[in-house]
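give me the fold of what follows.
(chains A and B)
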Amino acid sequence: MTPTPKIVFQNLHIPNIKKLAVYREHGGYTAAQKVLKETKPEDIITLVKNSGLRGRGGAGFGTGMKWSFVPKDAPLKYLLCNADEGEPGTFKDRILMEQIPHSTLEGMIIACYAIQCPRAYIYVRGEYTESIEALEAAIQECTKNNFLGKNIFGTPFSLDIHVFKGAGAYICGEETGLVTSMEGAKGQPKVKPPFPAISGFNKKPTVINNVETLAVLPWIILNGADNYKKIGTEKSPGTKLFCLSGPVKNPGTYELPLGFPLKDLIYDIGGGLTGNLKLKAVIPGGLSAPVLTAEETMTMTMDFESLAKVGSMLGSGGVIVIANDQCMVDLLSVITYFYKHESCGQCTPCREGTGWMKKVVDSILHQRGRAEDIPLLQDISTNMMGGRTICALSDAAAMPVKSFVTKFKQEFEYHIKNKRCHL
Amino acid sequence: MNIQFSPNALKEFKSFDTLYDNPKSKLLPTLHLAQKEFGYLSPEVIEYVATLTELSPAKVKEVASFYTMLHKKPVGKYHIQICTNISCTMMKSRELFSHLKKKLKIEAGETTQDKKFTLSTAECLGGCDKAPTLRINDTYYYQVTPEKMEQLLKELP
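Take a look at the predicted model:
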């Protein structure tokens, strides 16, 4: 295997890289300066489009494409950096913010210049105290050195960036939920269209990009779209941060080229499972991604298209390893509780469906299950929850249920038939 | 009105004016600030925030009720929040939670009589690679076993 260049993690292990001076010593802000001094905004959008960069928050939408939807003549626009990292099994953005906050800020300067936006916010989940502190310190340093504020680097472009602290709600990671939360309301998503690029924060054109997406931008500016496309696969170019958790020897966050074999992530990089445990299943892209069996895991590669092909998704890159000591009914009870707790309540199918699924799974878990409960769960997750609501939380809640009861049906049947767990 | 921000908090509140184009955006930051200042968002605090932000108390209460980090009742000096999502569950966070419930003699969401500890479950805190993860107030602790928890409790000031 040829070594892949590190992109967002290139400076991770440099001591004090969170300081502006150290970040600059290692090439920091040269990309932003180059862009502001030498490049036209529309050329940046074209470059990012050509790089094939897809959003790293979960949906994988083309970043350059998203930017190009913003009307050029709008007098006020916003960029919101989505740092409300809440997808269970995901802990990558916090590393970027805590350790290399300037790379996110530099990415934001580039993105704001590309869409010509004077004001940007970073919506950080409220629990991430260290991220908030690191970003605020970095913003302060930048402002002091004229890397942010009026006429950045002595150019006509001005930009201010502020941190907005979330308050504990998974749904605010959904981009329109994030917008309503910033508008002083419950974080309930809005009907699309209009998409935020047309009417977002304060009803102004708004681009919402994930932390990791923004942190990639300086590298693309300095190294070019073609070099970026050389990494990864044809339809999923570049590297991705993968968060490995569960009972493996080396859990952690790893930057790898897209298309990386999942088996190698778990067994080589992750060192395999601890003790005598055997692999049972893997949730490959954060909790909402449909589960893979051990067999599917062995041949899977980690990119948007390969995971979509088997009905799962790359999502946020949170790889959750499940071993043979776990009961899938028990884990599904944990999962359904999460979505019930986090449903914002505005759409009936989601508000009612998430609670209903939790009740049915719990009745199976607590030995009150009936044979018809398995088709019932399939029915709710397919016909009630899928594609019938304002945002994707309902689908996200349905996908684990559907995949667990389909792929691990025998464990649910065992519970129902024998009134006990198979373990 | 009996309560009021300290001069420092009032200064911080005033600084919000320059940060947002829409005054409504000040609500969440003001609620955070009020919680820091008064400990939790009592009906009186909600009224005060409503006056400051020029919103109705009902609106402020509605928003406060939506977010888990905003406390509508008093919390103890140490708020212990244990992640019970999937990765932490697999790494035995439920066992840790049961241990703490027994030790502190309280249930989830409750506060000890001496007002020292509040115990809560939390959704994924983003510490899955070092599970089980918990937070005591704003500080993260990782790979916490019941033994490590005992030590931790002893070391708290």
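
list the contacts of whatever residue of the stretch 251-400 of chain A ends up closest to chain B.
Using Cβ to the nearest Cβ, the closest approach of the stretch 251-400 of chain A to chain B is made by residue A:251 at 3.8 Å. Where you see a C-beta, it was placed from the backbone N, CA and C, and this is true even at glycine. For residue A:251, the contacting residues are A:244, A:245, A:270, B:128, B:129, B:130, B:131, taking Cβ atoms under 8 Å, 6 or more residues apart in numbering or on different chains as the criterion.

and these as CSV, adding neighbour count?
Listed next are the contacts of residue A:251 as CSV, based on neighbours: other Cβ atoms under 10 Å in any protein chain shown:
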residue, neighbour count
A:244, 26
A:245, 29
A:270, 23
B:128, 30
B:129, 21
B:130, 18
B:131, 26
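
closest to residue A:406 out of these?
The shortest gap between residue A:406 and any of these belongs to residue A:245, at 23.5 Å (Cβ to Cβ).

count the residues that sit near the residue nearest to residue B:47 when sequence neighbours are not counted.
For residue B:47, ignoring the flanking residues on the chain, the nearest one in space by Cβ to Cβ, 6 or more residues apart in numbering or on different chains is residue B:57 at 5.2 Å. Counted with other Cβ atoms under 10 Å in any protein chain shown, residues neighbouring residue B:57 total 14.

so residue B:57 touches residue B:45, yeah?
No. Residue B:57 lies out of contact with residue B:45 (Cβ atoms under 8 Å); the separation is 10.3 Å.

please enumerate the strands of chain A.
Along chain A, the stretches classed as strands by DSSP state E are A:78-83, A:119-124, A:160-165, A:206-210, A:239-245, A:252-257, A:260-261, A:279-283, A:292-293, A:301-302, A:318-323.

longest helix in chain A, by number of residues?
Within chain A, and with DSSP state H defining each element, the longest helix by residue count is helix A:348-365.

which elements pack onto that helix?
Here helix A:348-365 is seen to pack against helix A:328-342, helix A:373-379, helix A:393-407, helix A:409-418 when contacts are counted using 3 or more Cβ pairs under 8 Å, 6 or more residues apart in numbering or on different chains; DSSP states H and E.

got the CA coordinates for the first one in PDB?
Taking Å, rounded to 0.1, in the frame of the first residue of the first chain, the C-alpha atoms of helix A:328-342 are listed here in PDB:
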ATOM      1  CA  MET A 328     -28.400  -7.200  19.100                       C
ATOM      2  CA  VAL A 329     -31.800  -6.800  20.700                       C
ATOM      3  CA  ASP A 330     -30.200  -5.100  23.700                       C
ATOM      4  CA  LEU A 331     -28.100  -2.800  21.500                       C
ATOM      5  CA  LEU A 332     -31.200  -1.900  19.400                       C
ATOM      6  CA  SER A 333     -32.900  -0.900  22.600                       C
ATOM      7  CA  VAL A 334     -30.100   1.500  23.300                       C
ATOM      8  CA  ILE A 335     -30.200   2.800  19.700                       C
ATOM      9  CA  THR A 336     -34.000   3.300  19.600                       C
ATOM     10  CA  TYR A 337     -33.900   5.200  23.000                       C
ATOM     11  CA  PHE A 338     -31.500   7.600  21.400                       C
ATOM     12  CA  TYR A 339     -33.700   8.600  18.500                       C
ATOM     13  CA  LYS A 340     -36.800   8.700  20.700                       C
ATOM     14  CA  HIS A 341     -34.900  11.100  23.000                       C
ATOM     15  CA  GLU A 342     -33.600  13.200  20.100                       C
END
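
next, the angle from it to helix A:393-407.
Relative orientation of helix A:328-342 with respect to helix A:393-407: 170 degrees, computed using axes from the mean of the first three to the mean of the last three Cα atoms, to 10 degrees.

and helix A:328-342, how far out from the chain middle?
Here the centre of helix A:328-342 is set off from its chain's centre by 20 Å, with Cα atoms, centre = their mean, to the nearest Å.

correct me, but residue A:335 touches residue A:287?
Yes. Taking contact to mean Cβ under 8 Å, the distance of 6.2 Å between residue A:335 and residue A:287 places them in contact.

which residue sits closest to residue 36 in space, ignoring its chain neighbours?
Chain wasn't specified; assuming chain A. Of all residues beyond its chain neighbours, the one nearest residue A:36 is residue A:155 (4.6 Å), with distances taken as Cβ to Cβ, 6+ apart.

oops, chain B please
Distances taken as Cβ to Cβ, 6+ apart place residue B:9 nearest to residue B:36, at 7.6 Å, with adjacent residues excluded.

check which helix or strand covers that neighbour.
In the assignment (DSSP states H and E), residue B:9 maps to helix B:7-19.

in that helix, what counts as buried?
Going by neighbour count (16 or more other Cβ atoms under 10 Å in any protein chain shown), the buried part of helix B:7-19 is B:9, B:12, B:13, B:16.

centroid residue for chain B?
Within chain B, the residue whose C-alpha comes closest to the C-alpha centroid is residue B:69; the distance, by Cα atoms, centre = their mean, is 4.3 Å.

residue contacts, that one?
Contact partners of residue B:69, counting by Cβ under 8 Å, 6+ apart, are A:126, A:127, A:166, A:167, A:168.

sec struct for it, please.
In three-state terms, and counting by DSSP: H, G, I helix; E, B strand; the rest coil, residue B:69 is coil.

so how far is residue B:67 from the residue nearest to residue B:47?
Residue B:57 sits at a distance of 17 Å from residue B:67 (criterion: Cβ to Cβ, to the nearest Å).

next: residue A:249.
Applying Cβ to Cβ, one obtains 37 Å for the distance of residue A:249 from residue B:67.

what about these two, which has more around it?
Neighbours were counted for residue A:249 and for residue B:67 using other Cβ under 10 Å; residue B:67 has more, 20 against 13.

so which residues of chain B form strands?
B:78-83, B:117-122, B:134-136, B:139-141.

and of those, who's closest to residue A:51?
Nearest to residue A:51 among the strands of chain B is strand B:139-141 (34.8 Å), distances taken as Cβ to Cβ.

need the residues of the stretch 151-300 of chain A near chain B, please.
By the criterion of Cβ under 8 Å from any Cβ of the partner chain, the positions of the stretch 151-300 of chain A lying close to chain B are A:162, A:164-170, A:181-187, A:202, A:243-247, A:251-253, A:283, A:287.

in chain B, where is pLDDT below threshold?
Chain B contains residues with pLDDT under 70 at B:1.

chain A too?
Going by pLDDT under 70, which is the cut-off in play, chain A has low-confidence ranges at A:1-3.

report the central residue of it.
What sits nearest the mean C-alpha location of chain A, by Cα atoms, centre = their mean, is residue A:57, with 2.7 Å.

residue contacts, that residue?
With the criterion set at Cβ under 8 Å, 6+ apart, residue A:57 makes contact with A:82, A:173, A:209, A:210, A:212, A:213, A:316.
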